[in-house]
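> What shape does this take:
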Amino acid sequence: QVQLVESGGGLVQAGGSLRLSCAASGRTFSWYNMGWFRQAPGKEREFVEAISGNGGLTYYADSVKGRFTISRDNSEKTVYLQMNSLKPEDTAVYYCAAGRNHLLGPYDYWGQGTQVTVSS
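So this is what the prediction gives:
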C-alpha cells in the first residue's frame with residue numbers, strides 16, 4: 001500500500017510558476033513510477049507527466065512540453081512537478097499517482113489532489 005499526499009497548489013497569475021510536491025509513504029518508493037495527472041472542471045482526467053522509479057526516464061504530454069518538469073527524490077520519497085509559464089488552461093486539480101506498470105499507466109495509487117488556478 002502506498003499513500004500519497006499532494007501539496008503546493010494555489011492561485012497564480014498567467015506566466016507565473018508553481019511547484020507541486022507529492023509525498024509518499026508505505027512501500028519502497030523507488031519501485032514505483034510516479035505520474036502527475038490533472039482534471040479540469042467538466043473534463044476528463046488527463047496525463048501530464050511521469051517519471052520512472054530511478055528517475056532516468058520521463059514522459060510528458062505535449063501540452064506541457066518545455067513548461068513543466070517532473071523530478072523525484074527517492075531519499076525523501078517525494079515527487080515534484082515544477083510548472084513554469086502557467087496558462088489559464090492549466091487550471092485543474094492535479095493528482096499524483098504511483099504504479100509499477102508503464103509510465104502512462106495504469107496507476108494503482110492516487111493522492112487526493114491539489115487545486116491549481118491560473119488567472120488571466
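
> Who are the contact partners of the most centrally placed residue in the chain?
Against the mean C-alpha coordinate of the chain, by C-alpha atoms, centre = their mean, the closest residue is residue 36 at 2.6 Å. By C-beta atoms under 8 Å, 6 or more residues apart in numbering, the contact set of residue 36 is 20, 22, 48-50, 68, 70, 79, 81, 94-97. In this view, the C-beta of every residue, glycine as well, is placed from N, C-alpha and C.

> Among those residues, which pair sits farthest apart?
Greatest spatial distance among the contacts of residue 36 (C-beta to C-beta): 68 and 97, at 15.6 Å.

> Now name the helix or strand holding the residue nearest to the centre of the chain.
Assigning secondary structure by DSSP states H and E places residue 36 in strand 33-39.

> Can you point out the buried residues in that strand?
33-38 (16 or more other C-beta atoms under 10 Å).

> Mind picking the two most distant members of those residues?
Once C-beta to C-beta is applied, the buried residues of strand 33-39 give 33 and 38 as the farthest pair, at 17.3 Å.

> which stretches of the chain form strands?
For the chain, the strands defined by DSSP state E cover 2-7, 10-13, 18-26, 33-39, 46-51, 58-60, 68-73, 78-83, 92-99, 109-110, 114-119.

> could these be laid out in a markdown table, adding mean pLDDT?
Below are the strands of the chain laid out as a markdown table (pLDDT from 0 to 100):
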| stretch | mean pLDDT |
| --- | --- |
| strand 2-7 | 96 |
| strand 10-13 | 98 |
| strand 18-26 | 96 |
| strand 33-39 | 98 |
| strand 46-51 | 98 |
| strand 58-60 | 96 |
| strand 68-73 | 98 |
| strand 78-83 | 98 |
| strand 92-99 | 98 |
| strand 109-110 | 97 |
| strand 114-119 | 98 |
